[in-house]
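Trainee: dropping a prediction and its sequence here:
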Amino acid sequence: MSAKLPSQFKRFADRELLAQIEKDLELVEAELLEATKHTNPILQNAARHLVEAGGKRVRPVLLLLTALLGDGASKRVIDAAAIVELTHLATLYHDDVMDDAPTRRGVATAQNVFSNSIAILVGDLLLARASILSTRLGIEAITMQAHTFERLCIGQLNETVGVAADEDPIEHYIQVLADKTGSLIAASARLGVMISNAPAEYMQPLGEFGEKVGVAFQLVDDVIDISAAGPSGKTPGTDLRAGVPTLPVLLLRKLAKTDAEAAALVEEIDSDLSSDERLAEVVAKLRGHPVAEEAFAEAKRWTQEAIAALDVLPDGQTKRALAHFANAVVDRDN
């Protein structure tokens with residue numbers, strides 16, 4: 001399977017570094033195929049369903065970048081990159097069942113191809129394979145993976161349970177994003193340092209970098225949901241129609257307490273959006289409302305805070321590439 005960096009990451013100024021990361025990604029892809037091999041062809045096809053669909057490979061790319069602060073992409077680093085991607089893929093199988101999502105990465109979701117039960121069990125299988133791989137890396141890496149998986153579960157649970165009466169909805173939402181997305185991206189950054197023998201003092205700031213990048217990544221997704229149709233192929237307003245909380249809507253609901261225009265738009269959002277025409281109309285109104293720009297500004301703020309965490313790193317191509325990586329998170333349309 002060919003591995004190419006997603007277009008938004010190809011802004012790395014150093015072409016030699018870009019070529020090296022792409023070469024290392026080829027090794028990660030081979031490791032993913034090996035980790036999803038099974039004697040039962042149905043299980044193998046189900047386990048490889050999302051691997052072969054591709055994806056941004058955000059987590060392996062970040063891990064490979066932070067490993068450059070140490071010894072670079074050894075076999076152990078490639079194993080670690082495969083572990084974080086397998087963990088991520090496992091959560092996608094589970095999320096798609098919970099959300100009853102019809103497609104993922106341009107293909108039908110696993111539960112629509114195989115069944116809900118198989119999709120759930122394959123997600124568990126991928127987590128098991130990631131855990132087996134982690135035993136090659138030592139107890140510290142195993143512990144990090146376990147704590148990260150705990151946060152992934154807590155984030156999903158808090159999203160499912162919803163906001164408590166005494167909680168601020170926006171603070172609750174940001175914490176869900178930090179747990180569900182930021183935690184694994186943070187672990188990817190930290191594992192790259194740990195496994196490559198980079199200086200231990202880089203672990204904490206790069207963990208902070210990864211978590212903030214993860215939050216920014218999801219906040220940009222919120223803005224993309226109400227953007228005009230682009231190359232992502234995602235129908236604008238998909239989250240809006242499903243009632244999924246997003247930052248623009250949460251900001252609008254907060255504003256609606258004191259603003260009649262915002263309250264009227266909230267009422268429209270909460271109405272029946274089953275009609276494509278009606279959905280497009282409401283999406284256009286939300287896209288044109290100031291909360292859309294406010295949400296994007298918030299994503300950029302998280303990105304800038306992530307880049308500020310890199311101050312402790314020595315100047316050089318790796319530090320520049322990590323800053324480009326963070327900026328690529330907000331400069332995308334899919």
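Mentor: Nice, I can see it. Please read all numbers here as calculations on a predicted model, not as lab measurements. Residues are numbered from 1 along each chain as shown.
Trainee: skipping adjacent residues, who's closest to H94 in space?
Mentor: The shortest distance from H94 to any residue that is not its chain neighbour, by C-beta to C-beta, 6 or more residues apart in numbering, is 4.6 Å, and that residue is G123. In this view, the C-beta of every residue, glycine as well, is placed from N, C-alpha and C.
Trainee: tell me which element the one you found falls in.
Mentor: Here G123, judged by DSSP states H and E, is contained in helix 116-134.
Trainee: what does E167 give?
Mentor: Taking DSSP H and E as the definition, E167 sits outside all helices and strands.
Trainee: over to it: give its phi and psi.
Mentor: For E167, the backbone dihedrals are phi -100, psi 150 (criterion: degrees, to the nearest 10).
Trainee: tell me the pLDDT of it.
Mentor: The model reports E167 with a pLDDT of 95.
Trainee: compute the number of surrounding residues for it.
Mentor: Other residues within reach of E167, judged by other C-beta atoms under 10 Å, total 13.
Trainee: picking up where we left off before, quick one: the helix holding G123 to chain centroid distance?
Mentor: For helix 116-134, the gap between its own C-alpha mean and the chain's C-alpha mean amounts to 18 Å (C-alpha atoms, centre = their mean, to the nearest Å).
Trainee: buried residues of that helix, list them for me.
Mentor: 118-123, 125-127, 129-131, 133-134 (16 or more other C-beta atoms under 10 Å).
Trainee: same deal with stretch 167-185?
Mentor: Of all the residues in stretch 167-185, those buried under the rule 16+ other C-beta under 10 Å are 169-170, 172-185.
Trainee: from the chain's centre, how far out does it sit?
Mentor: Going by C-alpha atoms, centre = their mean, the spacing between the C-alpha centre of stretch 167-185 and its chain's C-alpha centre is 12 Å.
Trainee: ok, and what's touching it?
Mentor: 58-59, 62, 84, 87-88, 91, 148, 151-152, 154-156, 158-159, 163-164, 210-215, 217-219, 245, 247, 250-251, 253-254 (C-beta atoms under 8 Å, 6 or more residues apart in numbering).
Trainee: low-confidence stretches in the stretch 101-250 of the chain?
Mentor: Along the stretch 101-250 of the chain, the parts satisfying pLDDT under 70 run over 105, 228-234.
Trainee: can you list contacts of stretch 261-268?
Mentor: Counting by C-beta under 8 Å, 6+ apart, stretch 261-268 makes contact with 249, 252-253, 255-257, 282, 285-286, 289, 291, all of which sit outside it.
Trainee: separate out the buried members of these.
Mentor: By the neighbour-count criterion of 16+ other C-beta under 10 Å, the contacts of stretch 261-268 include these buried positions: 249, 252-253, 255-256, 282, 285-286, 289, 291.
Trainee: show me where the stretch 151-300 of the chain has helices.
Mentor: When secondary structure is read from DSSP state H, counting those that start in this stretch, the stretch 151-300 of the chain shows helices at 169-177, 183-195, 203-225, 238-242, 247-255, 260-269, 276-288, 290-308.
Trainee: I'd like those as a markdown table, with distance to H38 appended.
Mentor: As requested, the helices of the stretch 151-300 of the chain are exported to a markdown table (distance: least, C-beta to C-beta, whole Å):
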| stretch | distance to H38 |
| --- | --- |
| helix 169-177 | 33 |
| helix 183-195 | 24 |
| helix 203-225 | 30 |
| helix 238-242 | 32 |
| helix 247-255 | 40 |
| helix 260-269 | 44 |
| helix 276-288 | 40 |
| helix 290-308 | 38 |
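Trainee: circling back: so which elements touch the helix holding G123?
Mentor: helix 15-35, helix 41-47, helix 75-99, helix 110-113, helix 139-161 (3 or more C-beta pairs under 8 Å, 6 or more residues apart in numbering; DSSP states H and E).
Trainee: now that helix against helix 183-195, angle please.
Mentor: Using axes from the mean of the first three to the mean of the last three C-alpha atoms, to 10 degrees, the inter-axis angle of helix 116-134 relative to helix 183-195 is 20 degrees.
Trainee: alpha carbons of helix 116-134, as CSV, please.
Mentor: Once non-C-alpha atoms are left out, helix 116-134 reads as follows in CSV (Å, rounded to 0.1, in the frame of the first residue of the first chain):
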residue,chain,number,x,y,z
ASN,A,116,-22.8,-3.8,14.2
SER,A,117,-21.6,-6.8,16.2
ILE,A,118,-18.7,-7.4,13.8
ALA,A,119,-17.7,-3.7,13.8
ILE,A,120,-17.7,-3.6,17.6
LEU,A,121,-15.6,-6.7,17.9
VAL,A,122,-13.2,-5.7,15.2
GLY,A,123,-12.7,-2.4,17.1
ASP,A,124,-11.9,-4.5,20.1
LEU,A,125,-9.6,-6.7,18.0
LEU,A,126,-7.6,-3.7,16.8
LEU,A,127,-7.2,-2.5,20.4
ALA,A,128,-5.9,-6.0,21.3
ARG,A,129,-3.4,-5.9,18.4
ALA,A,130,-2.2,-2.4,19.5
SER,A,131,-1.7,-3.8,23.0
ILE,A,132,0.3,-6.7,21.7
LEU,A,133,2.5,-4.4,19.7
SER,A,134,3.0,-2.2,22.8
